[in-house]
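Student: Sequence and computational prediction follow.
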Amino acid sequence: MALFKPAEQLSDVRGRIQEILEHCIKEKSTLGYFAALYTKVAKGIEAAIEKKEFDDNERLARMDVNFVNYYIHAMNCAFSGEPAPAHWQVAIDYSKKPEPLVLEHLFLAMNAHINYDLSNAINDSVKPEEIIGFKNDFLKVNYILFSLLDNVQNDVADFVWPLKVYLLFGRKTD
């Protein structure tokens with residue numbers, strides 16, 4: 001039985017990620033670092049869809065739901081002990097080790113979710129003949145991700161002092 005139910009509509013997305021985050025906190029799992037980041041991303045995407053900032057808001061909402069469901073599936077595997085898709089299994093295995101840095105946990109999960117799950121979610125949501133027309137919406141999503149960068153860096157720096165020092169002196173060069 002799945003611990004986390006799949007999202008069925010856009011309004012489910014943030015709630016499902018929040019459930020995963022709360023579970024990670026309860027279990028003291030470092031998989032929660034990505035869940036915290038993903039909460040911010042989902043909020044930004046949802047706000048842009050509600051403001052009708054995309055060329056096809058309905059398609060983007062459908063893609064967002066499909067995208068989060070790949071993540072939910074991986075987290076169900078992680079917490080049930082079932083094997084996860086290989087690209088997620090690396091992040092799940094590392095989450096059980098004390099050595100990786102917070103940023104390493106984030107990068108492993110981001111790699112799994114963005115580099116693998118995103119292409120599948122787009123394939124599930126965008127018809128082949130629409131793919132060229134999807135480019136503008138894809139670029140808008142990337143802009144939203146980029147706009148969150150400083151906030152995320154500041155949040156991580158609150159408990160990773162070397163990053164705080166780096167941001168103090170090197171923020172403009174990153």
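Tutor: Perfect, thanks for sending it.

Student: I'd guessed R62 sits against S125; true?
Tutor: Yes - here R62 reaches S125: they are 4.8 Å apart, a contact under C-beta atoms under 8 Å. All C-beta atoms are positioned from the backbone trio N, CA, C, and that covers glycine.

Student: Local confidence estimate at A2?
Tutor: Listed pLDDT for A2 reads 78.

Student: And what about it, helix, strand or coil?
Tutor: Here A2 is coil, with the state taken from DSSP: H, G, I helix; E, B strand; the rest coil.

Student: what's the burial count for it?
Tutor: A2: 13 surrounding residues under other C-beta atoms under 10 Å.

Student: that older thread, between R62 and S125, which has more neighbouring residues?
Tutor: Neighbour count, other C-beta under 10 Å: between R62 and S125, S125 has more, with 20 against 17.

Student: check contacts around that one.
Tutor: S125 makes contact with 59, 62-63, 66, according to C-beta atoms under 8 Å, 6 or more residues apart in numbering.

Student: how about JSON lines for the residues you listed, with pLDDT and secondary structure added?
Tutor: Putting those into JSON lines (pLDDT from 0 to 100; DSSP: H, G, I helix; E, B strand; the rest coil) gives the following:
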{"residue": "R59", "pLDDT": "96", "secondary structure": "helix"}
{"residue": "R62", "pLDDT": "96", "secondary structure": "helix"}
{"residue": "M63", "pLDDT": "96", "secondary structure": "helix"}
{"residue": "N66", "pLDDT": "97", "secondary structure": "helix"}
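
Student: Now rank the residues you listed by neighbours and give me the top one.
Tutor: M63 (24 neighbours).

Student: any idea how far D137 is from the nearest residue to it once chain neighbours are set aside?
Tutor: Nearest residue to M63, sequence neighbours excluded (C-beta to C-beta, 6 or more residues apart in numbering): S125, at 3.8 Å. From S125 over to D137 the distance is 10 Å, taken as C-beta to C-beta, to the nearest Å.

Student: what sits in contact with each of the two?
Tutor: Common neighbours of S125 and D137 (C-beta under 8 Å, 6+ apart) are R59.

Student: got a list of what R14 touches?
Tutor: R14 neighbours (C-beta under 8 Å, 6+ apart): 39, 42-43, 46.

Student: Which one of those is nearest to P98?
Tutor: T39 (24.2 Å; C-beta to C-beta).

Student: correct me, but that closest one touches L21?
Tutor: Yes - counting by C-beta under 8 Å, T39 touches L21, with 6.3 Å between them.
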